[in-house]
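Student: this is a predicted model, with the sequence first.
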Amino acid sequence: MKKLEQLYEGKAKKVFKTDDPNLYIVDYKDDATAFNGLKKGTIEGKGIINNRVSNHLMKMLEKNGIPTHLVEEISDRETVVKKVTIIPLEVIVRNIAAGSLAKRLGLEEGTKLKHTVLEYCYKSDELGDPLVNDYHIYALGIATKEELDLIASYSFQINQLMSDYLKDLNIELIDYKIEFGKTPDGTIILADEISPDTCRFWDSVTGEKLDKDRFRRDLGNVEGAYHEIMKRLLGE
Ligand code: 5GP
């Protein structure tokens, strides 16, 4: 397959067209941003780790019945994915209070939630990804009720599968952000990435943060944490 012109460059990835109209190639970068692009940096080797970790987790989810965009990893940083139009929602699932939820509701980070929390943010850099609810989503025409019901159902299934999988590796899944896309025939599938950039992973024993919060909060050993996640998931 041939890599053709670049379609898009995001904060962490580039997307290229290919000679197959139904397939794209994603290329993961080492660039890191936080706080809507206000904080910028580089995490050495992040592109390789996120590519491999995301593919590994998506493979596990596919095996368990979740449709994803993953087709084939073609290099350390590049993966062939199905062409989708991204639904402009950040779907956030939370098991333990942290980050913006802890701040907004005045909870101490690490507080176990009595019920899984599902949140949606409208993807818009200009607006700073505002929190929206189901009715905003229908009102703006972002998704229909049927589509959003499916997205919610996949999101809870993904939470169960990922939490169980990571628990065996001594990783607690605190929260995560996922994105869904629509294929040209209208099928909704999991897209984007699942990685230490998009999840909060805490060591189950020590509570150590093994994710992008180390970069966001200047906690040090950012690269070490990303490597530790890859080691636990892929054994290397
Ligand atoms: P919070 O809303 O607490 O900042 O984030 C909740 C979860 O979603 C965290 O795991 C965080 O990594 C992820 N998340 C939320 N928004 C973004 C975003 O714009 N980019 C990335 N990479 N992750 C996000």
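Tutor: Nice, thanks for sending it over.
Student: residues in contact with stretch 108-126: which ones?
Tutor: For stretch 108-126, the external contacting residues (C-beta atoms under 8 Å, 6 or more residues apart in numbering) are 36-37, 86, 88-99, 101-102, 129-134, 136-137, 140, 142, 152, 155-156, 159, 179, 207. C-betas here are computed from N, CA, C, even on glycine.
Student: so how do I select the buried members of these in PyMOL?
Tutor: Buried members of the contacts of stretch 108-126, defined by 16 or more other C-beta atoms under 10 Å, are picked up in PyMOL with:
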select buried, resi 89+90+91+92+93+94+95+96+97+98+101+102+129+132+137+142+155+159+179
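Student: narrow the contacts of stretch 108-126 to those in strands?
Tutor: Within those, residues falling in strands by DSSP state E are 86, 89-96, 131-132, 179.
Student: which of those sit farthest apart?
Tutor: The two members of the ones in strands among the contacts of stretch 108-126 with the most space between them (C-beta to C-beta) are Ile86 and Ile96, at 27.2 Å.
Student: and the protein, what are its domain boundaries?
Tutor: For the chain, automatic domain parsing gives the domain ranges 3-82, 85-234.
Student: can I get those domains in TSV including mean pLDDT and distance to the ligand?
Tutor: What follows is the domains of the chain, written out as TSV (pLDDT from 0 to 100; distance: least, C-beta to the nearest ligand atom, whole Å):
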stretch	mean pLDDT	distance to the ligand
domain 3-82	97	7
domain 85-234	98	2
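Student: mind checking the longest helix of this structure?
Tutor: Longest helix in the chain, counting residues (DSSP state H): helix 145-167.
Student: next, the angle strand 89-96 makes with that helix.
Tutor: Counting by axes from the mean of the first three to the mean of the last three C-alpha atoms, to 10 degrees, helix 145-167 lies at 40 degrees to strand 89-96.
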